[in-house]
Each structure stands twice: as structure tokens, then as C-alpha cells.
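[1] structure for this input, please:
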Amino acid sequence: MKFRWKLLLLMLSVSILPIVVLRTFGIHNVQAMAGALSDEVQANRLAAARNDIQSLLKSFGEALNMERERISTAMFFLSNSLRQPAPPFPSQTGDESRLARFCLVAPDSNGMAHRQDVRRIAAMETTFAAIAEQLGDLILQQRAARVGGMAALYPCRQPGVRTGDVTLEPWYRSAFKESVFSWSGPYREKDSGRWATSASLLVEDDDERQVGLVSMEVALDRLLERTMAFVELPSKAKAMLCMLERHPDSGETGLRILLEYPDTSGRGAAFLGTPESEQGREMLGDIARRASRIVRMPFAGQEAFWAYAPMTFQGAALVVIIPAVDLLQRAQPVLAAIEERLKRVEIVTGGFLVLLAAVNAVLIFIFSRAVTKPLEALSAAAERLSTGDFEARVKIDSKDEFGSMGEIFNRVGPQLKEHYRDRESLQAAVEIQQSLLPRAAPRVPGLDIYALSLYSQNVGGDYHDFLCVGEGGKQRLCVTVGDVSGHGVPSAITMATARAFLRLRASLPGTLAEIITDVNQKFVEDVEYSGEFMTLFLARIDRGALQMEWVRAGHDPGLLYDCRRDTFHELAGEGAPLGLSEQTRFVESATIIKPGQIVFIGTDGIWEARNRAGEMFGKRRLLEQIRRLAEEDAQALVLAVLDAVEDFRDPNEAADDMTLMAIKVNA
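    Numbers count the residues shown, from 1 in each chain. Just a heads-up that it's a prediction; the model follows:
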């Protein structure tokens with residue numbers, strides 16, 4: 001009897017012990033698998049977070065454009081109403097009843113002198129009311145003014161006619177200064193203290209004579225509320241309307257918070273604490289250049305995603321800060337489901353194995369081997385892949401889902417390797433090309449110089465450089481601007497080749513025509529089979545002798561603007577692009593330069609930029625921008641022109657590389 005019990009106990013021990021060990025081993029592997037899956041879920045969620053934030057910025061941009069289009073449409077209706085002739089012989093009573101709804105500001109007290117303007121503006125009351133009904137509390141005030149005549153303000157707290165000079169108001173002056181549809185920077189509205197911005201539109205008659213202007217004062221809090229209504233923010237995210245401004249204490253440029261969402265009361269006007277890091281400084285630079293971006297950096301001691309995008313009006317940007325933890329909340333149900341499934345496996349397998357110890361011992365062993373072995377192989381290979389071993393492979397000899405997973409996994413490594421190499425190559429190309437462009441213009445007495453190249457892709461074929469600096473005296477240098485056909489890495493490589501030839505040849509004696517001729521002969525050999533070519537504008541400026549020489553190799557002529565005479569002169573000349581023929585003849589031209597003149601050299605990506613209507617920016621708009629900003633320094637002038645092109649260009653259209661160089665001849 002004791003032996004039987006001993007034998008039974010031995011058999012039970014032999015059968016139960018392997019079951020317990022096998023179950024423990026299986027649970028351990030399942031836990032490892034669950035941990036790997038949890039890590040993968042979090043990694044995938046973080047990767048998807050950037051796409052979510054990008055969609056958020058896109059939704060905000062679309063909503064902002066929709067509100068801007070509504071305001072633009074309303075202003076065009078209002079401007080059309082201002083163009084209409086005054087109604088014939090209206091009744092005085094009818095005019096007074098209409099005028100009781102808004103203010104009229106006359107330049108003098110002689111009401112009879114502006115009788116036509118009074119009738120015309122009184123007739124606009126229907127348009128004012130219709131716009132107010134459509135746009136609601138988005139518009140704080142509508143304005144319409146005739147040149148040298150009457151101005152109307154709607155609504156108005158004290159309706160009636162009063163004497164005043166609206167030509168001194170910022171909204172009036174900005175319309176004539178911009179000569180286009182323009183937005184002002186954010187400011188405090190005088191009566192309510194709310195943050196606002198003004199949109200102004202100059203009105204011309206059929207003969208293109210300026211007859212007046214219309215303007216609308218937009219409430220920024222309502223504009224932010226309406227645009228953010230289309231954006232789904234995570235629960236802990238912060239959305240702020242900010243403006244670049246110097247801190248009153250430190251003097252450093254920072255982001256001043258104008259409004260926060262959903263609290264748009266505007267009570268807080270503090271400065272946003274941006275991290276003291278390279279990323280923080282790059283963010284301020286991006287906002288100054290009206291660029292949008294998503295970066296990951298700390299906020300309030302926690303990891304967070306920062307997304308920022310420029311607003312329509314000057315100097316403002318939307319900044320959205322989302323804690324990384326908030327973005328991972330959506331992964332919590334998946335992680336909880338994994339943990340719950342793990343617990344259920346433990347309970348079910350434990351009870352089932354106890355009840356059917358003898359039979360299930362073999363089944364559990366086979367099942368665990370069938371399940372855990374491929375998972376372990378996948379996990380081990382995934383671990384190698386995560387460390388950068390793109391040669392990691394897994395061998396699963398089965399025709400089921402695990403076999404399919406193994407085949408898919410084995411295709412991932414080579415694809416990731418290829419993408420990684422492409423990314424490294426592109427990053428290297430970006431760094432190389434950025435190092436090829438001059439970091440700053442040389443300091444030449446009597447000259448204010450600034451140049452900037454912006455690429456439609458990470459790299460491109462535009463090029464600018466400063467050569468032979470100091471040759472023949474401290475007030476002498478050579479400048480060049482070039483444009484390689486095409487875009488991307490091939491154009492960047494061709495640009496680097498041309499730069500090397502040009503820099504080497506420019507260091508040797510010779511005229512500009514001789515330099516370009518020698519460079520062209522070498523350049524033709526390199527691009528003979530690729531079919532690429534390059535336009536180039538090379539100039540030598542002698543500030544001491546007040547003389548400028550240049551050679552134009554197929555490039556668009558430069559511009560010489562005389563601020564005092566308000567005249568433009570094209571710096572033209574003969575010469576085909578580089579790379580077409582070794583026999584190309586280049587002609588050198590020269591002119592006298594004077595203090596107060598500005599030299600502009602650019603690439604066609606500026607004037608060939610197109611808006612939504614397919615209209616090109618054109619050289620006429622470029623000349624208007626130069627004339628308007630001629631009093632600024634060279635850097636401010638170049639940045640303002642490029643900003644104007646970006647505002648004009650349709651963001652959905654493929655952009656071209658843009659390079660602009662400005663050289664001001666100072667007294």
C-alpha cells in the first residue's frame with residue numbers, strides 16, 4: 001500500500017513537475033513576447049504621433065485659409081460697393097436714418113463738400129450689415145474710406161459725423177504702403193483691449209486710379225476659436241498664439257503668448273519658456289522665416305512635441321505643445337489588452353493543466369514549442385534589427401501565419417538598410433551643400449551685402465558665392481549667382497562641380513570673360529553626357545573706383561536700382577549657359593555705380609512662383625518690393641522679398657529653388 005502511494009506520488013510528481021516547469025517556461029516566453037509587443041506598440045504610436053500632429057497643423061492651416069477667404073471675399077464685396085457711384089438725389093431723411101448706424105469721419109467740417117461721399121457711404125449700409133451678419137463677432141469693425149474724402153466706421157459706439165484725419169491711421173497707411181491685400185501685425189484694440197489684426201485692401205477704379213480703401217479689424221480670439229474648432233487637440237495639449245518679440249528684461253528675442261486655446265481671454269501676455277538648446281534657437285529662427293515644423297524637446301520638465309506654423313498676419317505663429325505621454329494614451333487600451341490576455345492565459349492554462357495533467361503535458365509541450373520558438377526567433381531577430389544589424393534574418397519552417405511573419409520580417413531588413421543608406425546619403429548631401437555656400441557675406445567698406453539660397457528640396461542647384469575678396473584692394477570683390485537645370489541631388493552635385501571650377505579659376509589672374517570661358521570648357525567635359533547646364537552671373541565690384549564689371553552666362557539680367565532717381569537698369573549682356581558648347585563666347589560689360597544704388601541678382605524661382613490662380617509673381621511685383629523696401633538694409637530687403645514670394649506662392653504647387661543677392665552702395 002505504501003509502495004502504491006509512493007508510486008502514485010512519484011507518477012504525479014513526474015507528470016506534474018514537467019507541467020509546472022513547462023507552464024512556467026511558456027508563461028515566461030509569453031511575457032517576453034508581450035513586453036516586445038508593448039515596446040513595438042509604443043514605438044509605432046510615437047511614429048504615428050508625428051503624422052497626427054502634421055494632420056493637426058494641416059487642419060489648422062485649412063481652417064485658417066477658409067476664414068481668410070471669407071474675410072477676403074467680404075472685403076472684395078465691400079470694395080465693389082465703394083466703387084459704385086453715389087445714388088442720384090437721395091432723400092435727406094433716408095440718409096440720416098442709415099448714417100445713424102455707423103460713424104462718418106470727414107477731413108474737415110464742410111459737410112457740403114463731401115455730400116457725394118455721404119450718399120455713397122450711406123448706400124453701403126446694406127453691405128456693411130450683410131457682412132456683419134455673415135462674419136459675426138469675428139469682425140470688430142469695418143472701415144471704408146475715399147481718397148481725400150469721407151471715411152466710414154461700422155459698427156460705431158457713437159454714430160454720427162465727426163471731423164478727423166483717417167490718413168494717419170495704421171490701417172489706412174498700410175494699404176497704400178503695401179498696394180496689395182495686406183495684414184497688419186497683432187495689436188491691442190483700443191476700446192476693448194482685445195488682440196486684433198487689420199486686413200486692408202486698396203480700391204481702384206476701372207482706370208486703375210486709387211479711389212479709396214476698405215479695411216476690417218479681425219478679433220484674434222474669435223479667429224483662433226473658429227480655426228481651432230476644426231482641430232482635434234489631445235486633452236493635455238497647449239495651443240497658443242504667439243508673436244516674436246524682445247524680452248523687456250533680457251533683451252533676447254522670444255515668443256510672447258498673445259492668446260491660449262481654449263481660454264482666448266487674452267489675460268496672459270507672458271513669454272513662452274523655450275528650451276535653451278539648439279532646437280529652441282532653430283524654432284525661433286523657423287518662426288522668423290515663417291516656416292512650420294515639428295520638434296521633440298522638453299516642456300515643463302517633460303518630454304513633449306512642439307508644432308508651430310506661421311499665421312496669416314505678420315510676426316505671429318501658432319504653437320502647439322503636446323506632452324509625449326498624452327500621445328501614448330491611445331496605446332494604453334492595447335497594452336491593457338495584452339496584459340489582460342496574459343493573465344487569462346495564466347489562469348486558463350493553470351486550471352486546465354491541473355485537471356488534465358497527464359494528457360495535456362504532451363500537448364502543452366508541443367504547443368509551447370510551436371508557438372514560442374518562432375516568436376523567440378522573431379524577438380531575437382527584432383532585437384538585432386533594433387541595434388542596427390540590418391542583416392538579421394529569421395528562419396521559420398512552417399506554412400502558417402508564423403511562416404508568413406518570418407517572410408515579411410526577412411524583407412524588412414534590406415528595405416530598412418536601403419532607406420537608411422538613402423537617408424544617410426541625403427543628409428550628407430545637405431551638409432556638404434550647406435558647407436559649400438558662404439556662411440556670411442564679406443565685410444567690404446562702403447558695401448552692404450546679403451545673399452540667401454532656399455531650396456525646394458533638401459538640396460538643389462542654386463548657388464551664390466563671394467570670390468576674389470580683397471584682390472586689388474579692400475573695396476574690391478567678385479560676386480556670383482548661378483542656377484543649375486533640374487532639382488535635387490543631381491543638380492547639387494553639378495553645382496558643386498561648377499563651384500570648384502569657378503573658385504579655382506577666380507583665384508588666378510584674368511578678366512571675367514576669360515574666367516567664365518575657362519570654367520565653361522571644363523564644365524562642358526563634365527556634363528557632356530548628362531545634358532545638364534548652368535546659368536551664371538559673375539560680377540566684379542570696385543567700391544573705390546565706383547565701377548562694376550559683369551559677365552552673363554545665360555542667366556537672367558541683374559538689376560541696378562537708383563533710389564534717388566527711382567530708376568531700374570538691367571545688367572544684360574551676351575553669353576549662353578555653361579555646359580552647352582566649348583566654343584561659347586562670353587562678353588564682359590561694365591557700368592559706373594554710385595552711392596544710393598542697389599544691385600540685385602536672383603534666380604528664376606522668385607519671379608516664376610505661381611499662386612493658386614496660376615499667375616506668376618513676375619518681375620513687376622519684384623520691382624515693387626525692391627522700391628518699397630529700398631531704405632532697409634540688404635539682409636532685411638532680401639528676407640522681405642523672399643517672404644513676399646512665399647506668401648504669394650500656392651503651397652500646393654511644386655516650388656523652385658530661390659536665390660537672391662542684394663548689394664547696397666553706401667555713401
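
[2] quick one, strands of the stretch 351-500 of the chain?
    447-454, 462-467, 476-484 (DSSP state E, counting those that start in this stretch).

[3] helices or strands up against the shortest one?
    Which is strand 462-467. Strand 462-467 is packed against strand 447-454, strand 476-484, helix 488-506, strand 658-665, with contacts defined by 3 or more C-beta pairs under 8 Å, 6 or more residues apart in numbering; DSSP states H and E. For the C-beta atoms, the positions are set from N, CA and C on the backbone; glycine is no exception.

[4] quick one: strands adjacent to that strand?
    If you go by DSSP bridges, strand 462-467 pairs up with strand 476-484 (antiparallel).

[5] compile the helices and strands packed on strand 462-467 into JSON lines and extend it with columns for mean neighbour count, mean pLDDT and distance to Ile606.
    Below are those laid out as JSON lines (neighbours: other C-beta atoms under 10 Å; pLDDT from 0 to 100; distance: least, C-beta to C-beta, whole Å):
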{"stretch": "strand 447-454", "mean neighbour count": "20", "mean pLDDT": "92", "distance to Ile606": "10"}
{"stretch": "strand 476-484", "mean neighbour count": "25", "mean pLDDT": "90", "distance to Ile606": "11"}
{"stretch": "helix 488-506", "mean neighbour count": "20", "mean pLDDT": "83", "distance to Ile606": "17"}
{"stretch": "strand 658-665", "mean neighbour count": "25", "mean pLDDT": "94", "distance to Ile606": "5"}
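
[6] quick check: which of these is nearest to Gly193?
    strand 447-454 (38.6 Å; C-beta to C-beta).

[7] residues contacting that closest one, please?
    By C-beta atoms under 8 Å, 6 or more residues apart in numbering, the surrounding residues in contact with strand 447-454 are 437-438, 441-442, 460, 462-464, 466, 475, 477, 479, 481, 541, 543, 633-635, 637-639, 642, 657-666.

[8] make it 7 Å
    437, 441, 462, 464, 543, 633-635, 638, 642, 657-666 (C-beta atoms under 7 Å, 6 or more residues apart in numbering).

[9] so the residue positioned nearest the centre of the chain, which of the three states?
    Geometric centre of the chain, nearest residue: Ala291, 2.9 Å, by C-alpha atoms, centre = their mean. What DSSP: H, G, I helix; E, B strand; the rest coil gives for Ala291 is coil.

[10] please name the nearest non-neighbouring residue to Arg50.
    Nearest residue to Arg50, sequence neighbours excluded (C-beta to C-beta, 6 or more residues apart in numbering): Ile294, at 5.8 Å.

[11] redo the helices and strands packed on strand 462-467 as a markdown table? Include distance to Ser198.
    Listed next are these as a markdown table, based on distance: least, C-beta to C-beta, whole Å:
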| stretch | distance to Ser198 |
| --- | --- |
| strand 447-454 | 29 |
| strand 476-484 | 37 |
| helix 488-506 | 41 |
| strand 658-665 | 29 |
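
[12] closest one to Ser398 among the ones you listed?
    Ranking the helices and strands packed on strand 462-467 by proximity to Ser398 (C-beta to C-beta) places helix 488-506 first, at 43.3 Å.

[13] report all helices and strands that the closest one contacts.
    Where contact means 3 or more C-beta pairs under 7 Å, 6 or more residues apart in numbering; DSSP states H and E, helix 488-506 is packed against helix 401-436, strand 462-467, strand 476-484, helix 512-526.
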